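K.L.:
just need the structure, nothing else, for what follows:
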Amino acid sequence: MAATGETAAMDGASGSKGQGQESHEEEPASASGLSSSQRKLVLLMTHLNIAMYSTCFWIQQGALPYLTKKLGVDPVVYGYLQTTFAVVQLCGGPLFGRFGDLFGTRSALVLAFSAAAMSYGLLGMAEGMLLLFLSRLPSFLMHSMQGAQMIVTDISDEGNRADALGKLGLSYGIGMIVGPFLGGQVTKYFSEQHSAYLAMAGSLVSIVLVVLFIPSNTKAGKKDSDSTKKEESGPSSVFDVKAIAKLLTIPVAAYLLLVRTIVGTPLGIFQSMFSVIAMDRFNIGPEENGYLMSYIGMSNMVMMGLGVGILTKRYNEGLLLKWAIYMFTFGYMLLAGANVTWHIYVTVIPLTIGGTIMNTVISSTLTKVVPPDSTGTMLGLSMASNSIIRTMSPTVGGLMLGYAGYPSFGVLGFVVNTLLSVYMVFSQTHAKVVAAVEKQSARKES
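P.N.:
Numbers count the residues shown, from 1 in each chain. Have a look, this model is predicted:
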């Protein structure tokens, strides 16, 4: 019965995607009230800002370990520093999304890049642990990637949304390549503090680009909703916990967030210990580790830039989500048996494919099952699930590595994803979720 329901949903998806593409070709401004040329300019500047944001983030991220070592911070305190960043981001994601829903994406992005500039500036001034920890606090609002996802969600039609969101990862990947190189050169010839100041300067440039080129609000019909704005209670409405929590009562949203958290936990635990595993288990030195990181980054960029678009045009979200879980299961099976370096290069391929498909498809689907004026908040809740995983992963990963050894990471991921795969195949819940998403999309198009 579940398979039958899902097949029907897939058939409906093929038809609805084709109809949606035709209607948007005839009326290019229907998604957000922007003309086709305006939409292209906004997308271009959004991608440019994400590349800038990623570059600046990885400039300071590369300098941070050396700066903390220079200031005499031991590894335990460094771990606390990273945990502080994850906890602060966890708290800020949903509130940042709600702020964008209420006051517009331009204001939200200005806030995000201002927070980034403040964080990097404090890091550059740090001469002790106090400023190091204070530099993490502005990350409460440092959600530029989430802000960019909000813009893409607003100005893209639902049929192409997953592809559009995936391409943001391509721009972010450019920064992952450029940022560490720039940061390394500045640190080598000047200092770690200069790297932080360079990241701050880049964030200030992004603020200017946002003010000049991003509309005050990209949501359809928002400009004329003065009466709606009057009904809002001003800044205090950003902290409306009931409005945020209400989104979690939507069955499809709750299901997808749960799936993301379940699947993401083994991956987050493995990623938190990856550097240690690479050094101790596989004897990978700094130079080869750089090659491996570039290889993983390029794999992500290819999948986000090309793979996601091709797949989402041909298959519906429910089927792609299943395939992502299958890829994870296969990847973790390889990981459990990996014992030489080239095994890692092979293993990361299915893990990268699975992670890219899952994150993009779930983010896209979550924005379809909530009202248009709540997509930012929903993306914030999605980001929060990642922050929860990052908060607990280092501790759990350290315990697993110490008491169960390296193979336990592959075994954990294999067991979790196998059980989830079986549930998706035999449970009617997944088929109902797929059908509900397609029904809601068809209703919006009509």
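
K.L.:
all helices of the stretch 101-250 of the chain, in order?
P.N.:
Along the stretch 101-250 of the chain, counting by DSSP state H, counting those that start in this stretch, helices occupy 105-125, 129-134, 144-155, 161-189, 192-213, 226-231, 241-247.

K.L.:
how many degrees apart are the third one and helix 192-213 in direction?
P.N.:
Translated: helix 144-155. Interaxial angle, helix 144-155 versus helix 192-213 (axes from the mean of the first three to the mean of the last three CA atoms, to 10 degrees): 20 degrees.

K.L.:
hmm, who's touching helix 144-155?
P.N.:
Contacts to helix 144-155, defined as CB atoms under 8 Å, 6 or more residues apart in numbering, come from residues 31-32, 34, 39, 42-43, 46-47, 49-50, 53, 93, 96-97, 100, 105, 108-109, 112-113, 116, 161, 164-165, 168, 172, 206, 214, 218-220, 363, 367, 372, 375-376, 379-380, 383. Any C-beta I mention is one placed from the backbone N, CA and C, and that applies to glycine too.

K.L.:
quick check: angle from it to helix 161-189?
P.N.:
150 degrees.

K.L.:
format the helices of the stretch 101-250 of the chain as a markdown table; extra columns: mean neighbour count.
P.N.:
Listed next are the helices of the stretch 101-250 of the chain as a markdown table, based on neighbours: other CB atoms under 10 Å:
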| stretch | mean neighbour count |
| --- | --- |
| helix 105-125 | 23 |
| helix 129-134 | 15 |
| helix 144-155 | 27 |
| helix 161-189 | 20 |
| helix 192-213 | 20 |
| helix 226-231 | 9 |
| helix 241-247 | 14 |
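
K.L.:
can you count the residues close to Trp323?
P.N.:
Trp323 is flanked by 17 other residues according to other CB atoms under 10 Å.

K.L.:
ok, now Leu419?
P.N.:
Residues lying near Leu419 (other CB under 10 Å) number 12.

K.L.:
which helix or strand contains it?
P.N.:
For Leu419, the host element (DSSP states H and E) is helix 407-426.

K.L.:
centre of the chain versus that helix, how much separation?
P.N.:
23 Å (CA atoms, centre = their mean, to the nearest Å).

K.L.:
same deal with stretch 355-373?
P.N.:
11 Å.

K.L.:
if you count neighbours, what's buried in it?
P.N.:
355-370, 372 (16 or more other CB atoms under 10 Å).

K.L.:
mean confidence score for that stretch?
P.N.:
What stretch 355-373 shows for mean pLDDT is 87.

K.L.:
same check on stretch 41-61?
P.N.:
The model assigns stretch 41-61 a mean pLDDT of 93.

K.L.:
for stretch 435-446, same thing?
P.N.:
pLDDT averaged over stretch 435-446 gives 61.

K.L.:
return the distance of stretch 166-179 from the chain's centre.
P.N.:
That offset, for stretch 166-179, works out to 12 Å (CA atoms, centre = their mean).

K.L.:
now stretch 349-365
P.N.:
For stretch 349-365, the distance to the chain centre is 10 Å (CA atoms, centre = their mean).

K.L.:
same question for stretch 135-143.
P.N.:
Relative to its chain's centre, stretch 135-143 lies at 16 Å (CA atoms, centre = their mean).

K.L.:
show me what that stretch is in contact with.
P.N.:
Applying CB under 8 Å, 6+ apart, the contact partners of stretch 135-143 are 81, 84-85, 88-89, 91-93, 96-97, 108, 111-112, 114-116, 118-120, 122-123, 126, 380, 383.

K.L.:
compare the helices of the stretch 101-250 of the chain and report which one is nearest to Ile284.
P.N.:
Ile284 lies closest to helix 161-189 among the helices of the stretch 101-250 of the chain, at 16.4 Å (CB to CB).

K.L.:
just to revisit the earlier point, any idea which of the helices of the stretch 101-250 of the chain scores lowest on pLDDT?
P.N.:
helix 226-231 (a mean of 42).

K.L.:
tally of neighbours for Ala404?
P.N.:
Ala404: 12 neighbours (other CB under 10 Å).

K.L.:
and for stretch 111-127, what are the contacting residues?
P.N.:
For stretch 111-127, the external contacting residues (CB under 8 Å, 6+ apart) are 49, 53, 56-57, 60, 64, 67, 71, 96, 99, 131-132, 134-144, 146-147, 193-194, 196-197, 199-200, 203-204, 206-207, 210.

K.L.:
same question for stretch 81-95.
P.N.:
Residues contacting stretch 81-95 (CB under 8 Å, 6+ apart): 68, 73, 132-133, 136-137, 139-143, 146, 238-239, 244, 377, 380-381, 383-384, 387-388, 390-391, 394.

K.L.:
drop anything exposed from those residues.
P.N.:
68, 73, 132-133, 136-137, 139-143, 146, 238, 244, 377, 380-381, 383-384, 387-388, 390-391, 394.

K.L.:
pretty sure Thr356 contacts Leu168?
P.N.:
No. If you go by CB atoms under 8 Å, Thr356 and Leu168 don't touch, sitting 11.8 Å apart.

K.L.:
so what sits against both of these two?
P.N.:
Met304.

K.L.:
which SSE is Ala435 in?
P.N.:
Using DSSP H and E, Ala435 sits within helix 428-445.

K.L.:
the helices of the stretch 101-250 of the chain: which one's closest to Ser272?
P.N.:
Going by CB to CB, the one of the helices of the stretch 101-250 of the chain nearest Ser272 is helix 161-189, 17.7 Å.

K.L.:
among the buried residues of stretch 355-373, name the ones in helices.
P.N.:
355-368 (DSSP state H).

K.L.:
what helices and strands are in contact with the lengthiest helix in the chain?
P.N.:
Assignment by DSSP H gives helix 36-70 as the longest helix of the chain. Under the contact criterion of 3 or more CB pairs under 8 Å, 6 or more residues apart in numbering; DSSP states H and E, helix 36-70 touches helix 75-103, helix 105-125, helix 144-155, helix 161-189, helix 192-213.

K.L.:
how about those helices in TSV, adding distance to Leu267?
P.N.:
Output for these, formatted as TSV (distance: least, CB to CB, whole Å):
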stretch	distance to Leu267
helix 75-103	15
helix 105-125	25
helix 144-155	18
helix 161-189	16
helix 192-213	27
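
K.L.:
which among those helices is found nearest to Thr312?
P.N.:
Comparing those by CB to CB, helix 161-189 comes nearest, at 4.2 Å.
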